[in-house]
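>>> I'd like to go over a predicted model; first the sequence, then the structure.
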Amino acid sequence: MKLTEIRDNEGATKPRMRIGRGIGSGKGKTGGRGGKGQTARSGYRNNGFEGGQMPVHRRLPKRGFNNPGARDLNEVNVGRLQQAVDAGRLDVSAPVTVEALVAAGVVSRVRDGVKILGVGELTAKLDLHVAGASKSALEAIERAGGTVTVLGAVAQA
């Protein structure tokens, strides 16, 4: 067998239809586009067009609000941090940052940061540098002797 002899199986491919090449071809004259009008022209694309009836996306009311300043945060419970410490994947002596949590496999990717939540027990003394923490998480971390530094926090005047 040679590279030049390789072929598809018989019937695996069909030759493309050459439209607009005379009436004898079966796809001549209008080339499969029907009669005249907007859809017969090239470049036509009108998703949601309902023949002049008010389209459904305009009949239905607008709903909700998309906050352009919303942050996409990873949420991590203190119990999950303790599991990572117990497994030896999280270093207690070094500050715990988003990058450290990604390296430990606690979160999959960085996103806009990490928020610590208070579900579970924490016994390890951790120095956390995160985007935020809930009140219950702050209490659990301080009870264990750790500290929390909130990154990018605006000082309240």
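Now that the structure is in, tell me what you want to look at.
>>> contacts and neighbour counts: CA atoms only from here.
OK.
>>> May I see the buried residues of stretch 60-67?
Neighbour counts over stretch 60-67 (16 or more other C-alpha atoms under 10 Å) mark no residue as buried.
>>> Break this protein down into its domains, please.
With automatic domain parsing as the criterion, the domains of the chain are listed as 16-64, 74-150.
>>> Deepest in the core, which of these is it.
domain 74-150 (a mean of 17; mean count of other C-alpha atoms under 10 Å).
>>> Endpoint to endpoint, it covers what distance?
14 Å (C-alpha to C-alpha, to the nearest Å).
>>> just stretch 87-96 next, same as before
Terminal-residue distance, stretch 87-96 (C-alpha to C-alpha): 15 Å.
>>> Do you have the strands of the chain handy? List them.
74-77, 114-117, 127-130, 132-133, 147-150 (DSSP state E).
>>> contact partners of the second one?
What it means is strand 114-117. 73-78, 98, 130-134, 136-137 (C-alpha atoms under 8 Å, 6 or more residues apart in numbering).
>>> Format the residues you listed as a markdown table; extra columns: pLDDT.
Supplementary listing: the contacts of strand 114-117 in a markdown table, determined by pLDDT from 0 to 100:
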| residue | pLDDT |
| --- | --- |
| Leu73 | 96 |
| Asn74 | 96 |
| Glu75 | 97 |
| Val76 | 97 |
| Asn77 | 97 |
| Val78 | 97 |
| Val98 | 95 |
| Val130 | 96 |
| Ala131 | 95 |
| Gly132 | 95 |
| Ala133 | 96 |
| Ser134 | 96 |
| Ser136 | 96 |
| Ala137 | 96 |
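>>> now for the residues you listed, which pair is the farthest apart?
Using C-alpha to C-alpha, the contacts of strand 114-117 span at most 20.0 Å, a distance reached by Val98 and Ser136.
>>> Format the strands of the chain as a markdown table; extra columns: distance to Gly32.
Shown next, in a markdown table, are these (distance: least, C-alpha to C-alpha, whole Å):
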| stretch | distance to Gly32 |
| --- | --- |
| strand 74-77 | 52 |
| strand 114-117 | 56 |
| strand 127-130 | 60 |
| strand 132-133 | 60 |
| strand 147-150 | 63 |
